[in-house]
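**Student:** all I have is the shape, not the residue letters:
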């Protein structure tokens, strides 16, 4: 296994685990607010931030893995995997309530 193939497997696995875990936590948060019957919660913005965006990033990580593995765009897909990984840090700032 070459170094780029190993990098692809490791980074895509880490990305998929992180983002799918965040979507699972987001689902739990949204269900918890819904079960408390709080007025105007959960709204569309919260749904997108806590569930839809992490699911989209999980899908991106898996699609980039497939692109790096089965197409000739390996370098571009690996760069995309790196961007997906780096996107976790600014996402977590808002996920935890900000500063």
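**Tutor:** That came through fine. Just so you know, these numbers come straight off a predicted model, no measurement behind them.

**Student:** what is the neighbour count of residue 89?
**Tutor:** Residues lying near residue 89 (other CB atoms under 10 Å) number 8. No exception for glycine: its C-beta is placed from N, CA and C like everyone else's.

**Student:** again, but for the one 3 residues further on
**Tutor:** Close neighbours of residue 92, defined as other CB under 10 Å, add up to 11.

**Student:** next one: it relative to residue 19, how far apart?
**Tutor:** 11 Å (CB to CB, to the nearest Å).

**Student:** cool, residue 51 as well?
**Tutor:** Residue 51 is 11 Å from residue 19, by CB to CB.

**Student:** mind naming the longest helix for the protein?
**Tutor:** Using DSSP state H, we find that the single longest helix of the chain is helix 3-35.

**Student:** once you drop chain neighbours, what's closest to residue 46?
**Tutor:** residue 30 (6.6 Å; CB to CB, 6 or more residues apart in numbering).

**Student:** farthest residue from the center of this structure?
**Tutor:** residue 39 (28.4 Å; CA atoms, centre = their mean).

**Student:** next, the buried residues of the longest helix of the chain.
**Tutor:** 8, 11-12, 15-16, 18-20, 22-23, 26, 30 (16 or more other CB atoms under 10 Å).

**Student:** before we move on, the earlier item: residues contacting the residue nearest to residue 46?
**Tutor:** 42, 46-47, 50-51 (CB atoms under 8 Å, 6 or more residues apart in numbering).

**Student:** and the pLDDT for it?
**Tutor:** Residue 30 carries a pLDDT value of 89.

**Student:** and what of residue 98?
**Tutor:** Reported pLDDT for residue 98: 59.

**Student:** for residue 8, which non-adjacent residue is spatially closest?
**Tutor:** Closest to residue 8 by CB to CB, 6+ apart is residue 68, at 4.5 Å.

**Student:** does residue 62 really touch residue 13, like I thought?
**Tutor:** No: between residue 62 and residue 13 there is no contact under CB atoms under 8 Å: 10.0 Å.
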